[in-house]
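Trainee: Need coordinates for the below:
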Amino acid sequence: MNPDDQPPFPARAFQRFDEAPDAEFYRHPRYVTHIDDRAIAAVTQLYREYFPAGGTLLDLMSSWVSHLPPEVSYARVVGLGMNEAELRANPRLHAYVVQDLNQQPALPFADASFDGAAICVSVDYLTQPVAVMRELARVLRPEAPLVITFSNRCFPSKAIAAWHALDDQGHLQLVAQYLQAAGGWHRIEQLDRSPGPRSVTDPLFAVIGRAVGPVGVAAPGS
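Mentor: This is a model prediction of the structure:
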């Protein structure tokens, strides 16, 4: 890891209980959802609000389901994840890439390729989040949204130390700091979209940023 990619965070913030290769952990497909139906519905509603119909989307850290609104059509949805069987089973993906972002945070896409991007209940596993957010700012078109959603559930052995040390509000602030440290983002929002009390349903939180866009790419309407 390049320490310059993680300001202003201490390196130990990204340590994990299980530092074995992630490819081993994700070798076998898991055809399960990691939040309950009401929290999933909250994710889908955010996508309905932020992602343009007919757009080209990137589902980062994707799996066998993308939670996109079923009534909305998109020109192209590209998934990037760790397990090929899960990605192949995802009916919303037009294409997919198998890649370990903790080993290789550079994204294999051209500048300004997408109208929106999502990271759903996976941001807590990134060990180079600033580098990944910088890459996302590069591949999104100007003003395109990045919707990062998370709950209070995770694989504990693979979540970074900073995630374990913080509460829900701390998680929101941490993810927002990733975007701020990466640069290339503005209009950053921190949202609590929990669909009900924790005794009834999983909580759901989101950090949303808008890409400034690569140098030389004009913003819409300019």
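Trainee: Tell me which stretches of this protein form strands.
Mentor: Ranges of strands within the chain are 56-62, 76-81, 95-98, 116-120, 145-150, 185-192, 205-211, based on DSSP state E.
Trainee: Which strands or helices does the fifth one pack on?
Mentor: The reference is to strand 145-150. Judged by 3 or more CB pairs under 8 Å, 6 or more residues apart in numbering; DSSP states H and E, strand 145-150 is in contact with helix 37-50, strand 116-120, helix 168-182, strand 205-211. Glycine gets a C-beta too; all of them are placed from N, C-alpha and C.
Trainee: Mind checking these for the one nearest to Ser66?
Mentor: Closest to Ser66 of the helices and strands packed on strand 145-150, according to CB to CB: strand 116-120, at 7.4 Å.
Trainee: Could you tell me the angle between the closest one and helix 168-182?
Mentor: Counting by axes from the mean of the first three to the mean of the last three CA atoms, to 10 degrees, strand 116-120 lies at 140 degrees to helix 168-182.
Trainee: who's in contact with strand 116-120?
Mentor: Contact partners of strand 116-120, identified using CB atoms under 8 Å, 6 or more residues apart in numbering, comprise 43, 47, 50-52, 55-61, 66-67, 136, 139-140, 144-149.
Trainee: Type out the PyMOL command that picks the buried ones from those residues.
Mentor: One line in PyMOL is enough to select the buried members of those, burial here meaning 16 or more other CB atoms under 10 Å:
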select buried, resi 43+47+50+51+55+56+57+58+59+60+61+66+67+136+139+140+144+145+146+147+148+149
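Trainee: do you know which of the helices and strands packed on strand 145-150 lies nearest Gly81?
Mentor: Smallest distance to Gly81 across those (CB to CB): 10.8 Å, for strand 116-120.
Trainee: That closest one pairs with which strands, and in what direction?
Mentor: Strand 116-120 has its sheet partners listed here by DSSP bridges as strand 56-62 (parallel), strand 145-150 (parallel).
Trainee: That strand: how far from the chain's middle?
Mentor: 5 Å (CA atoms, centre = their mean, to the nearest Å).
Trainee: Which strand residues bridge Phe205?
Mentor: Assessed by DSSP bridges, Phe205 has beta-bridge partners Phe150, Asp192.
Trainee: give the contact list for it.
Mentor: Contacts for Phe205 (CB under 8 Å, 6+ apart) come out as Thr149, Phe150, Ser151, Asp168, His171, Leu172, Gln190, Leu191, Asp192, Arg193, Ser194.
Trainee: Please work out which of the helices and strands packed on strand 145-150 is packed deepest.
Mentor: strand 116-120 (a mean of 25; mean count of other CB atoms under 10 Å).
Trainee: Determine which of the strands of the chain approaches Ala39 most closely.
Mentor: strand 145-150 (8.6 Å).
Trainee: contacting residues around the closest one?
Mentor: If you take CB under 8 Å, 6+ apart as the criterion, strand 145-150 is touched by 42-43, 46-47, 50-51, 116-124, 133, 136, 140, 171, 175, 179, 185, 193, 204-211.
Trainee: Can you list the low-confidence ranges for this structure?
Mentor: Applying pLDDT under 70 to the chain flags the ranges 1-8, 17-18, 20, 25-26, 29-32, 154-155, 157, 213-222.
Trainee: returning to that earlier point: kindly reformat the strands paired with strand 116-120 as TSV and extend each row with distance to Ala13.
Mentor: Formatted as TSV, those follow (distance: least, CB to CB, whole Å):
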stretch	distance to Ala13
strand 56-62	19
strand 145-150	16
